[in-house]
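Undergrad: can't give you the sequence, but here's the structure:
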């Protein structure tokens, strides 16, 4: 068979030219053509012409949730767990990379930034390594289903194409590069980021930023800048907060710097004592780089695409480091605190904070059960859940000076939520619910080719809702990850949800923050007799419930056989699908005293959080406070970090800080 990544006039010409010019390609005389996407010209002209020539032309139908390998591992997971590490290594060792290498790449942590940037992007990004590796897997899956021994894949031309060809050939897929003529918004974006003055002009215009906060700020204070998630909440009420560490410690609130996006946020932050500034760019015409602007060594025609990719990443690094350095200097920022290790951006900002003698700090937001390429990081200090989380950092190749074990950061929440949880439980009980299940979902997107999709999430609701409607003593609580779009994404299942709500035995948390639902998972868990996470590859919400002693099940529908969580007991914690899980739940509820060990994580819980004392957020806040105090004493960066590490070891144990 012949496959097209994007069937267009240009890609069809590329195939014809290759078949004429290269004799070894003439064996691909297929009568069937499948395409992933097509252009308007491809649909209106190329496809009809091919059909007139007797070709069977069809769009390849596939869904990400179905594409698994021989280990029953979802291909999307395996790509992040293994394949992107492999291609990253091949790219760095390639002739193109070595030819373009320049001594200017040796400064700061630029090489880590560049390495991560080379494999950035999800399968939804048409230019990413993830996309081409995924499509090779999709074609392999389709070939197996069709019984096709070999195929030709006409893929969009991209950097390091020869490396992808080598990988495809292992599956008897020959890659052919198709020429591509297009002009995207991303090209405008790239042009803007290449010109710092234009970037600053447009960003400040967009956010109406004139740096007015500089005129009123107390610049005598050493500050901590928080890169938040839009959860602006200083109330110790258990709901999501970017300041969870501050409200659980003595960290002085007036040392905090935060960017707001609207007037309501600004007022709230100022009322709390935070220095609130508008999103935008701080500029300083007198500022001089403390580093050399990086560049490729030289430009070779045969490495044109590789040079373009590398130059784009280097330009992005320079822009971010340049402006963040100015920002940190102007506001006297000494600590940069972030949760976002999932892109390369934090590395450029880490170098920027180092330019002013400051410290970069990362706190672990989500539980990872296996190495995930997006999680590679490079910071001065990382607050991790456990020794297991630390071990993943080593496997990832992350570079962290001090790895601090703190436990699960939101473990203070349950004590604040019990009254609210009891009220919801009593509400469902008043309508006949004797047993209540809490169901945890994930987000989804419309195109299920590049994401596990809405249907997988709909199943998280459909099966349990059907059981609730047929069982008058059963209740259910949902705390969707993205409540704002839930009803639309549920499609026809929303009707079932409405019917269940009418019984009074179904409750759903829909209040939302800037991005996600504001209620924490454990709030719903505390109202229930049992928790079920519809996924195993993403287990943070489930862990939050388990740490409170709530029996919790995981359903591994996608396939994550290499996750730490797969060590949990099968058919008591781990299930392969919703029907088997619901059957087990009903058997558990109908067994006097319940099934022993049902939903029990005790076999691995010590490895996931060695503390479980409700003090993780306080440990983080105290540590950050010690760092600020060190700067207040006039100490240098390395001394400040070492003193804090020594102090933490004395309080919590020598094994809790790895330096």
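TA: Looks like it arrived, so ask away. Note that this is a predicted model, so its numbers are computed, not measured. Numbering: from 1, shown residues only.

Undergrad: mind showing which ranges of the stretch 351-500 of the chain have poor pLDDT?
TA: Under the criterion pLDDT under 70, no range of the stretch 351-500 of the chain is flagged.

Undergrad: number of nearby residues for the residue nearest to residue 630 when sequence neighbours are not counted?
TA: Nearest non-adjacent residue to residue 630, counting by Cβ to Cβ, 6 or more residues apart in numbering: residue 640, 3.3 Å away. For glycine as for every other residue, the C-beta is placed from the backbone atoms N, C-alpha and C. By other Cβ atoms under 10 Å, 25 other residues sit near residue 640.

Undergrad: ok, how many other residues are close to residue 63?
TA: If you count neighbours by other Cβ under 10 Å, residue 63 ends up with 16.

Undergrad: so it makes contact with residue 448?
TA: Yes. Residue 63 lies in contact with residue 448 (Cβ atoms under 8 Å); the separation is 4.5 Å.

Undergrad: need the residues touching each of those two.
TA: Both residue 63 and residue 448 are contacted by residue 455, under the criterion Cβ atoms under 8 Å, 6 or more residues apart in numbering.

Undergrad: can you name the element that comes right after the least confident helix or strand in the chain by mean pLDDT?
TA: When each helix and strand of the chain is scored by mean pLDDT, DSSP states H and E, helix 213-216 comes last, with a mean of 69. Toward the C-terminus, helix 213-216 is succeeded by strand 223-227 as the next helix or strand (DSSP states H and E).

Undergrad: so for that following strand, mean pLDDT?
TA: Averaged over strand 223-227, pLDDT sits at 98.

Undergrad: next SSE downstream of that strand?
TA: strand 256-260.

Undergrad: and that following strand, what does it pack onto?
TA: Contact here means 3 or more Cβ pairs under 8 Å, 6 or more residues apart in numbering; DSSP states H and E; on that basis strand 256-260 packs against strand 223-227, helix 263-272, strand 275-278.

Undergrad: now, of the ones you listed, which is deepest in the fold?
TA: Among these, strand 223-227 has the highest mean neighbour count (mean count of other Cβ atoms under 10 Å), at a mean of 22.

Undergrad: touching that strand from outside, list them.
TA: So strand 223-227 is contacted by 242-243, 251, 255-258, 275, 327-328, 331-340, 346, 349, 624, 628 (Cβ under 8 Å, 6+ apart).

Undergrad: what's the answer for stretch 73-82, then?
TA: 64-65, 67-69, 71, 123, 130, 133-134, 137-138, 141, 370-374, 452, 537, 558-562.

Undergrad: possible to save the helices and strands packed on strand 256-260 as TSV with distance to residue 30?
TA: TSV is the format used below for the helices and strands packed on strand 256-260 (distance: least, Cβ to Cβ, whole Å):
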stretch	distance to residue 30
strand 223-227	51
helix 263-272	58
strand 275-278	58
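
Undergrad: out of the ones you listed, nearest to residue 403?
TA: strand 223-227 (19.6 Å; Cβ to Cβ).

Undergrad: coming back round to it: keep only those of the contacts of stretch 73-82 that are in helices.
TA: 130, 133, 134, 137, 138, 141 (DSSP state H).

Undergrad: if I pick residue 605, what's in contact with it?
TA: Contacts of residue 605 (Cβ under 8 Å, 6+ apart): 546, 547, 612.

Undergrad: quick one: which of those is most hemmed in?
TA: residue 546 (29 neighbours).

Undergrad: which of the residues in the longest helix anywhere in the chain are buried?
TA: As assigned by DSSP H, the longest helix anywhere in the chain is helix 304-330. By neighbour count with 16 or more other Cβ atoms under 10 Å, helix 304-330 contains the buried residues 306-307, 309-330.

Undergrad: what helices or strands is that helix leaning on?
TA: Helix 304-330 packs on helix 95-100, helix 110-118, helix 185-194, helix 196-206, helix 345-355, going by 3+ Cβ pairs under 8 Å, 6+ apart.

Undergrad: pairing partners for whichever helix or strand comes after it, with directions?
TA: Sequence-wise, the next helix or strand downstream of helix 304-330 (DSSP H and E) is strand 333-338. If you go by DSSP bridges, strand 333-338 pairs up with strand 223-227 (parallel), strand 359-363 (parallel).

Undergrad: adding distance to residue 384 as columns, could you present the ones you listed in CSV?
TA: Listed next are the strands paired with strand 333-338 as CSV, based on distance: least, Cβ to Cβ, whole Å:
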stretch, distance to residue 384
strand 223-227, 18
strand 359-363, 8
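
Undergrad: out of these, which is closest to residue 86?
TA: From the strands paired with strand 333-338, taking Cβ to Cβ, the stretch that ends up closest is strand 359-363, at 25.2 Å.

Undergrad: gap between the nearest residue to residue 249 once chain neighbours are set aside and residue 372?
TA: Excluding its sequence neighbours, the residue lying closest to residue 249 (Cβ to Cβ, 6+ apart) is residue 621, at 2.5 Å. Distance from residue 621 to residue 372, counting by Cβ to Cβ, to the nearest Å: 27 Å.

Undergrad: and what of residue 403?
TA: The value you get for residue 403 to residue 372, if Cβ to Cβ is used, is 17 Å.

Undergrad: equivalent analysis for residue 419, please.
TA: Taking Cβ to Cβ, one finds residue 419 at 37 Å from residue 372.

Undergrad: neighbour-wise, which of the two wins?
TA: The neighbour comparison of residue 419 against residue 372 (other Cβ under 10 Å) goes to residue 372, with 18 against 8.

Undergrad: what's the nearest residue to that one if we skip its chain neighbours?
TA: Nearest residue to residue 372 in three dimensions, chain neighbours excluded: residue 80, at 4.9 Å (Cβ to Cβ, 6+ apart).

Undergrad: confirm that that neighbour sits in a helix.
TA: Yes. Assigned with DSSP: H, G, I helix; E, B strand; the rest coil, residue 80 falls within a helix.
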